[in-house]
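A.B. asks: generate a structure from the sequence data that follows.
(one chain, ligands or ions: 2)
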Amino acid sequence: MTADTITAADIRINSRWLIPIEPEAVVLEHQAVIIQGSRIAAVVSQQEADLRFRTRETVNLPNHVVMPGLINLHGHAAMSLFRGIADDLPLMTWLNEHIWPAEGAFISEQFIADGTQLAMAEMLRTGTTTFSDMYFFPEIAAQAAHDAGMRAQISFPLLDFPTVWGSGPDEYLSKGEALIKTWKGDEYITPAIGPHAPYTVSDGPLLKALNLSEETGAPIQIHLHETAFEVTESLEKQGKRPVARLAEMGILGPNTQCVHMTQVDDSDLRSIVESGAHVIHCPESNLKLASGLCPVQKLMDAGINVAIGTDGAASNNDLDLFGELRTAAMIAKVVADDATALSAHQALTMATLNGARAIGRDHELGSLVPGKLADIIAVDLSDPFLQPVYDPASHLVYSNHGRAVSHSWINGVPQLQEGTLTRIDVADLMLRVDGWMERIRNQQAQ
Ligand SMILES: CSC[C@H]1O[C@@H](n2cnc3c(O)ncnc32)[C@H](O)[C@@H]1O
Ligand SMILES: [Zn+2]
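C.D. replies: Residues are numbered from 1 along each chain as shown. Ligands and ions are numbered 1, 2, ... in the order given. Here you go, the predicted model:
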């Protein structure tokens, strides 16, 4: 090897273990990830890296596993400010009697800016590099994510009734169209359409959402079959199951993300498979609201792409995707009555490549492959609760929680170094969070 075969690059990450996700489910040892600009230039053995690359910066991670950044495909980021205000309730009581009144009373542009930043701090700290949001004032959330250098799919809300963000479907759709125009093509922000649920959006606005999606390419994300009650009520009012209604309208397709899907009969399964729609599994929210259990392994066996999300911090009550994976893997086994269901590697793929596929970005996100964007995390396995290490993939899913995440990069830019966030001023954020807590608590006490 001569000097002219040595390539200059920006960052070299040396790690004890590496889980690339693609091309296969393996754990590699003593690898180096080479980053040039915003992309992965190479993933090679450390010996080969010594011969082929000279980098501006080298990060040595001797007790760590390096893998692609996690993708949290469903949440309501600013609801972090409502964490713990209404626990131990079923979905419709939680929404009608607690969450919707609180949203009416408190949500403003500043609430969304602060709440989204709080959510991003937690997600970055626990290994998420891309998140999906469906909430009010999406233009503020998009700007907050962009400013923090986080990747996000930002869905604008669509409902039949007025909220803090608009007077009804027409206003939501025209503001949403503006959001799409502003952010389409951005490398960090993917604008999307968020019809809330089949029970809150009637056919007219749903069809307009579909038109907008077809015209702009913006994905649709919708809460779907979250509870048995949703399905029963739809059968009573519409004479059909929500999935059948959406399938007949043409809403289900490869650009549609169906969140929850705890109720799946054979006809639902067929509709989802035939349409190519994606399912977003939110196990902890489903458990906490006693909504039901998504049959993840059955969906995957049928060929459906299943990604994972935390849902909002008011129904979870955290945004730690590693914790979510542990729950997902555990309940998948009971639901399938099969301990081999959702293995550790399948779970890690669900939180990375499947998430990228659901937002149509698997060609550039979700695995550590040369040419893909450098969204990378490192997890420190040196703590006693992660020792001894026979299989790092097992530890990441079954023994870990997100606090062991030590480093992350998004687009090749460091976001977390030795557990410290580089782009969010946490002390300042906490002052603003305290202010919101006082206001919310005072109003609740009245
Ligand atoms: C249209 S903005 C989002 C809207 O959804 C509410 N929400 C939060 N979690 C859930 C859930 O699990 N099912 C249904 N709706 C949910 C949130 O409070 C906003 O009002
Ligand atoms: Zn939700």
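
A.B. asks: leaving out chain neighbours, which residue sits closest to the residue in the stretch 151-300 of the chain that ligand 1 sits nearest to?
C.D. replies: Closest contact between the stretch 151-300 of the chain and ligand 1, by C-beta to the nearest ligand atom, is at Pro157 (3.1 Å). Just so you know, the C-beta spots here come from the backbone N, C-alpha and C atoms, and that holds for glycine as well. Leaving aside its chain neighbours, Pro157 sits nearest to Gly194 (5.1 Å; criterion: C-beta to C-beta, 6 or more residues apart in numbering).

A.B. asks: for Asn305, same thing?
C.D. replies: Closest to Asn305 by C-beta to C-beta, 6+ apart is His278, at 4.7 Å.

A.B. asks: and the gap between Arg54 and Ile11?
C.D. replies: Separation of Arg54 from Ile11 (C-beta to C-beta, to the nearest Å): 12 Å.

A.B. asks: for the residue nearest to Pro157, what are phi and psi?
C.D. replies: For Gly194, the backbone dihedrals (degrees, to the nearest 10) come out as phi -120, psi 70.

A.B. asks: that one touches His223, doesn't it?
C.D. replies: No - judged on C-beta atoms under 8 Å, Gly194 makes no contact with His223 at a distance of 9.0 Å.

A.B. asks: these two - which one has more neighbours?
C.D. replies: Between Gly194 and His223, Gly194 has the larger neighbour count (other C-beta atoms under 10 Å), namely 30 against 25.

A.B. asks: tell me the buried residues in whichever strand or helix holds Ser15?
C.D. replies: Using DSSP states H and E, Ser15 sits within strand 7-18. Judged by neighbour count (16 or more other C-beta atoms under 10 Å), strand 7-18 contains these buried residues: 9-18.

A.B. asks: equivalent analysis for stretch 117-135, please.
C.D. replies: Residues of stretch 117-135 classed as buried by neighbour count (16+ other C-beta under 10 Å): 117-135.

A.B. asks: near ligand 1, from the residues you listed?
C.D. replies: 134-135 (C-beta under 6 Å from any ligand atom).

A.B. asks: go through the buried residues of stretch 117-135 and flag which are in strands.
C.D. replies: Among the buried residues of stretch 117-135, the residues falling in strands (DSSP state E) are 128-134.

A.B. asks: the inter-axis angle of the one helix or strand Pro157 maps to versus strand 128-134?
C.D. replies: Assigned by DSSP H and E, Pro157 belongs to strand 151-158. Interaxial angle of strand 151-158 relative to strand 128-134 (axes from the mean of the first three to the mean of the last three C-alpha atoms, to 10 degrees): 10 degrees.

A.B. asks: pull the helix or strand containing Glu438 out as CSV, backbone CA atoms only.
C.D. replies: Assigned by DSSP H and E, Glu438 falls within helix 426-445. Coordinates of each C-alpha in helix 426-445 appear next as CSV, following Å, rounded to 0.1, in the frame of the first residue of the first chain:
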residue,chain,number,x,y,z
VAL,A,426,-30.0,20.6,29.0
ALA,A,427,-29.7,23.0,31.9
ASP,A,428,-31.5,25.8,30.1
LEU,A,429,-34.1,23.3,28.8
MET,A,430,-34.8,22.1,32.4
LEU,A,431,-35.6,25.6,33.5
ARG,A,432,-38.3,25.9,30.8
VAL,A,433,-39.6,22.4,31.6
ASP,A,434,-39.9,23.5,35.3
GLY,A,435,-41.9,26.5,34.2
TRP,A,436,-44.4,24.3,32.3
MET,A,437,-44.6,21.8,35.2
GLU,A,438,-45.6,24.7,37.6
ARG,A,439,-48.3,26.0,35.2
ILE,A,440,-49.7,22.5,34.5
ARG,A,441,-49.7,21.5,38.2
ASN,A,442,-51.3,24.8,39.3
GLN,A,443,-54.1,24.3,36.9
GLN,A,444,-54.6,20.7,37.8
ALA,A,445,-54.8,21.7,41.5
